[in-house]
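J.: Starting from these lines, generate the structure:
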Amino acid sequence: MLRRRQWWGRTGLVVVFLALWFGTLDERELFNPDEGRYAEIPREMVATGDWITPRLNGLKYFEKPALQYWITAAAYNLLGEQEWTARLWPAVSGFLTLLVVYATGHRLAGRPAGVIAALLLASTFQFFLFSQLLTLDMGLTLFLTLAVAAFLAAEDTRGTAAARRNWMLLAWAAMGLAVQSKGLVGIVLPALTIAGYALLTRDWKLVGRLQWRFGLLVFAAVVLPWFVTVQLRNPEFFEFFFIREHFARYALDNHHRTGAWYYFLVILVVGALPWSLAYGKALVDALRMRSPPHFPVNPYRLLTLWIAVILVFYSASASKLPGYILPVFPAFALLAACSIHDARLLPQRWHLVAMAVGGLALVGVAPFVVQLPKFAAHADRFAPYAPWIVAGGLAIAATAALAGLVRRWRPALSLPVAAFGMLIAFQLLLTGTEAIENEFSPEGLVEMARENIGEFDSRVPFYSVDMYDQVLPLHVGRTLTVVNFRGELAMGIAQEPALAVPDIAEFRRRWVTHVQAYAVMPVPRFAEEEAARTPMSLLARDRRTVIVSRNAVAAADIVPRGTDR
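T.: The predicted structure is shown next:
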């Protein structure tokens, strides 16, 4: 009876966790630009049938490899084109990373350590956030974590020689998949870590245990087919992908994404909440932790070096974005779990006090967030998000209080309570952004246009003038012809200039020749076209953007978004 009750209890926890992890993927509109971009490229793969040459808005797009595009395109084919299918791979890869971390913690310090590591990681703010957003970072994190985990399994002398060899080959395959996810960092970061460890410990035998001959074959089998094929079809690929998007992007400030030397330290402290101090302590403890007797390498020092390599590597880069350091969090969770071993020791009382104070602070500052300089000019539009901040803050404070009560009579349950409570709080803060989705998504604008004309005619030209909204092609179900705009489409336009319109004068010449056409443009451009008497009928308008048509829809019948009839 007791075992059955335990089984049902654990099953219930798994169901609740899966609901929290996957249940809200469809509750938010895709945000511009990243989510729109990484949802649109797979949509175009499905529409064109070309799964080799990635295209964004019909133009060649070689900034990233194709693996995640393929997975998302396959999800579209199987499950339909929805927000949740677009976000499915980051959520799945985050979940799989938790399983890898659990298995690695189990291997290093026993099952309790595996459970602790998975709970800590799942409730780490930045890790959870990127599992819910459509970017490439979580897929990369999965395969890099798998590479490190497989390497450690290969070093475990309790396994047979054949098993250890297979684990090492899995590490090579995982590095290949990491390269296919986001480029050369998939091999550079593991290589720097292994080389650094060998140099610091003078363990040259380690290099000889890497199964080079078969490992390189496995790596090449994973990486080369697509890279060779896309290069043969697109001779410009090598120069753009490797020279411009890797070496130049790392060394030069071409993308205007700079940051101070401490940029990632700040991101790390915030991203590690609510476990920032616990992770910092684990990093210090790891330097004193002895290696398990069945490991010729010290896994704790290797994980510490892995964290250091990632932080130093990206801190030295001229291009910085918060998601770059996502792969450090699985290592932090493992170090924290292995230094504790006992779930009853987490969270400490000071963890819970800090958590409660942080939650109440969110409640207190929520009314003032919309008054920050970035939002103050449009405080009325951001005000609907303030109640969600209050709800998230209250959830964090309640979590701290409940975990504190549980800690007094069932200490081992305190950490699961804290982890599940933080997941609920994070979901409230994230799902609440739907209240201000008009600030990040054009869906409402498109729906307004549809109310006036019905569906857009796919046979009619559709121009995007002086702008390119990454999410708009998804909502209209087609690519657009960009006018007087280049941005990240510059390479594709340079290769296929006939697919774009170079300037406003050419756009006007084309526009007047159409019996019917559509265009989306910023409000100032629309004002200029009105002044120039360009024949346009207004279909929809918000504070930033308008959609117009060439046919004779009466402008008087169109109500701008946010106004009453």
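
J.: lowest-pLDDT helix or strand in this structure?
T.: helix 373-376 (a mean of 58; mean pLDDT, DSSP states H and E).

J.: Now tell me what touches stretch 91-110 from outside.
T.: The contact list for stretch 91-110 (CB atoms under 8 Å, 6 or more residues apart in numbering) reads 21-22, 25, 113-118, 121-122, 127-128, 130-132, 138-139, 141-142, 145-146, 148-149, 152-153, 156, 292, 299, 330, 333-334, 337-338, 341. C-beta coordinates here come from the backbone N, C-alpha and C atoms, glycine included.

J.: Okay, buried residues for that stretch please.
T.: Neighbour-count burial for stretch 91-110, counted by 16 or more other CB atoms under 10 Å, picks out 91-98, 100-109.

J.: Over to stretch 311-319?
T.: Within stretch 311-319, the residues scored as buried using 16+ other CB under 10 Å are Leu311, Phe313, Tyr314, Ser315, Ser317, Ala318, Ser319.

J.: do the same with stretch 530-545
T.: For stretch 530-545, the neighbour count (16+ other CB under 10 Å) marks Thr534, Met536, Ser537, Leu538, Leu539, Ala540, Arg541, Asp542, Thr545 as buried.

J.: Could you report the separation of the third one from Val179?
T.: Going back to what we said before, that points to Ser537. Counting by CB to CB, to the nearest Å, the separation of Ser537 from Val179 is 49 Å.

J.: downstream neighbour of the strand or helix carrying Arg508 in the secondary structure list?
T.: Counting by DSSP states H and E, the element that carries Arg508 is helix 504-511. The helix or strand immediately downstream of helix 504-511 is strand 518-522, counting by DSSP H and E.

J.: buried ones in whatever helix or strand comes next after that next one?
T.: Sequence order places helix 523-531 as the next helix or strand after strand 518-522, per DSSP H and E. Neighbour counts over helix 523-531 (16+ other CB under 10 Å) mark Arg525, Phe526, Glu529 as buried.

J.: Nearest to Leu394, out of the residues you listed: which one, please.
T.: Nearest to Leu394 out of the buried residues of helix 523-531 is Phe526 (CB to CB; 43.2 Å).

J.: And for that closest one, nearest residue in space, chain neighbours not counted?
T.: Spatially, and ignoring its direct neighbours in sequence, Phe526 is nearest to Val546 (4.5 Å; CB to CB, 6 or more residues apart in numbering).

J.: hang on, isn't the one you found packed against Met521?
T.: Yes: the pair Val546 / Met521 is scored as a contact, 6.1 Å apart, by CB atoms under 8 Å.

J.: who does the helix or strand encompassing Arg301 touch, helix- and strand-wise?
T.: Arg301 is part of helix 299-315, with elements assigned from DSSP H and E. Counting contacts by 3 or more CB pairs under 8 Å, 6 or more residues apart in numbering; DSSP states H and E, helix 299-315 packs against helix 137-155, helix 185-201, helix 263-271, helix 276-286, helix 328-340.

J.: could you give the angle of the longest one to helix 299-315?
T.: With axes from the mean of the first three to the mean of the last three CA atoms, to 10 degrees as the basis, helix 137-155 and helix 299-315 are set at 150 degrees to each other.

J.: Name the next helix or strand downstream of helix 137-155, please.
T.: Note on helix 137-155: by DSSP H and E, the next helix or strand toward the C-terminus is helix 161-182.

J.: sorry, back to before: and the buried residues of stretch 530-545, which two are the farthest apart?
T.: Across the buried residues of stretch 530-545, the longest distance by CB to CB is 20.3 Å; it joins Thr534 and Asp542.
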